[in-house]
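J.: Okay, predicted coordinates and the sequence, questions at the end:
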Amino acid sequence: MEDYHQQFIEIYNANITRPGADRLLNWLETTDFFTAPASTRFHGACRCGLVMHSINVYQAMTQHFFTEGENAESYAICGLLHDLCKANFYKVGTRNVKNDETGQWEKVPFYQVADQLPYGHGEKSVYLIEHFMRLKTAEAIAIRWHMGGFDDAVRGGSFAVSDAFNTYPLAVKLHTADLIATYLMEQGTSSVENGHR
């Protein structure tokens, strides 16, 4: 299996150099970020799914949208850290599933949400990052709205995401890269089938 942990650190250290970046990386090492899933069942619902997804989003952003002269650090921050909110967010539970071959009921693991800091999704990532280093406005907006139409605020009727996308191209690029990673690069990466996020 590819060492996503080491790959993440290499990309991070090569691109993110602003004050506080080292403290943020040290904090990440104290969380389950490098072993956690990316979702409960949809994409990356497997060990190391979150770090795999973060790298995929970064790679999709740089491959599809980066142009000479743009700020490479902003791409790395947005791609690698947009889902920081999912660190210490999931736990493994078990459920009973009937084995079709044996007819016996078996306990199987699944991921479930156990949010220790219920602060939203994108806004929680911004909040956590800014504990350690300052984000540029475009970065903060991009991370805050990276879920696009899937964001709870949008589903509740907020139109702020339209203003964000119209004003900050980085937000559109991050959201699109997130979709590319989730729906194209990560098909078949879930090892469990239960949950809702």
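T.: Great, that's in hand. This is a predicted model, so every value here is computed, not measured. Numbers count the residues shown, from 1 in each chain.
J.: The chain: strands as residue ranges?
T.: 90-98, 105-113 (DSSP state E).
J.: I'd like the distance from the first one to the chain centre, please.
T.: Averaging C-alpha positions (CA atoms, centre = their mean, to the nearest Å) puts strand 90-98 22 Å from its chain's average.
J.: Report the strands that pair with that strand, each with its relative direction.
T.: According to DSSP bridges, strand 90-98 has the following sheet partners: strand 105-113 (antiparallel).
J.: Sketch out the low-pLDDT regions of the protein for me.
T.: Under the criterion pLDDT under 70, the flagged ranges of the chain are 1-2, 89-90, 109-110, 113, 191-197.
J.: can you tell me which residue is nearest the centre of it?
T.: Among the residues of the chain, Asp83 comes closest to the average C-alpha position under CA atoms, centre = their mean, at 2.8 Å.
J.: Backbone dihedrals for that one, please?
T.: phi -110, psi 30 (degrees, to the nearest 10).
J.: Looks like it contacts His53 (just checking).
T.: Yes. Using CB atoms under 8 Å, Asp83 makes contact with His53 at a distance of 6.6 Å. All C-beta spots, glycine's among them, are computed from the backbone N, C-alpha and C.
J.: Can you give me the neighbour number for Thr176?
T.: 17 (other CB atoms under 10 Å).
J.: What ranges does the chain have for its helices?
T.: Using DSSP state H, the helices found in the chain span residues 4-15, 21-28, 49-65, 72-81, 122-129, 137-144, 152-155, 160-167, 169-180.
J.: For Ser190, find the nearest of those.
T.: Across these, Ser190 has its closest neighbour in helix 49-65 (7.8 Å, CB to CB).
J.: For the strands of the chain, give me JSON lines that also has mean neighbour count.
T.: Output for these, formatted as JSON lines (neighbours: other CB atoms under 10 Å):
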{"stretch": "strand 90-98", "mean neighbour count": "13"}
{"stretch": "strand 105-113", "mean neighbour count": "14"}
